[in-house]
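*Asks:* Just the structure for this:
(one chain, ligands or ions: 1)
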Amino acid sequence: MGPLFSRHGKSGVISLTGFILAVTVTLSSIPVASGATGDPVRGKKIYQGLCIQCHGVKGDGNGVAAPALMEKPANFTDPKTWQMGDEAFYIHVIRRGRKIMPAFWDVIDPQQIRDVLSYERTFLKK
Ligand code: HEC
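*Replies:* Purely as a prediction, here's the structure:
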């Protein structure tokens, strides 16, 4: 090992471990009971940019593009929309797309997917 490594190496490893520990503690303290680990405030902006055209301002599937589509976009105000699977299922749909819905895995990152999903879930309560 070169002198640089031996000078900084050990403390570097220790601080990295500390960092990973801190991240792990932070992540595990985010409430998961509601099924939402995302931030709906950030999710709203993503929704308005990428999803609103199809899923609509009210999340009811009546976006401006909806009449032109061969399939009706999911209605997030309907409890049945949220009974199709667990959180992983919905993340998968957004990542990979479904029927005419495009895939978003290369458009938004995993945290943004959780954010937009948590925003879409707010339509159910309204
Ligand atoms: C081109 C129109 C379109 C856009 C844009 C779109 N969706 Fe969809 N989405 C659909 C359609 C159509 C369905 C219903 C698919 C089906 O019948 O299974 C759907 C279904 C869903 C579902 C429910 C799962 C399901 O299979 O019904 C979720 C969650 C969802 N979309 C999230 C999103 C998110 C998040 C965005 C934006 C990042 C988005 N959609 C953008 C058309 C769209």
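*Asks:* quick one: is stretch 86-94 near the ligand?
*Replies:* Yes. Looking at stretch 86-94 against the ligand by C-beta under 6 Å from any ligand atom, the contacts come from 90, 93-94. (Each C-beta comes from the backbone N, C-alpha and C, glycine too.)
*Asks:* I'd like the average pLDDT over that stretch.
*Replies:* Per-residue pLDDT values across stretch 86-94 average out to 96.
*Asks:* same thing with stretch 98-114?
*Replies:* The pLDDT scores in stretch 98-114 average 97.
*Asks:* just stretch 41-48 next, same as before
*Replies:* Across stretch 41-48, pLDDT averages out at 98.
*Asks:* Next, the buried residues of that stretch.
*Replies:* Residues of stretch 41-48 classed as buried: 42-44, 46-47 (neighbour count, 16 or more other C-beta atoms under 10 Å).
*Asks:* export these to a markdown table and tack on secondary structure and distance to residue 123?
*Replies:* Shown next, in a markdown table, are the buried residues of stretch 41-48 (DSSP: H, G, I helix; E, B strand; the rest coil; distance: C-beta to C-beta, whole Å):
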| residue | secondary structure | distance to residue 123 |
| --- | --- | --- |
| 42 | helix | 16 |
| 43 | helix | 11 |
| 44 | helix | 11 |
| 46 | helix | 14 |
| 47 | helix | 10 |
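*Asks:* Just put the residues of stretch 86-94 next to the ligand in CSV and tack on neighbour count and secondary structure.
*Replies:* Converted to CSV, the residues of stretch 86-94 next to the ligand look like this (neighbours: other C-beta atoms under 10 Å; DSSP: H, G, I helix; E, B strand; the rest coil):
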residue, neighbour count, secondary structure
90, 20, helix
93, 19, helix
94, 24, helix
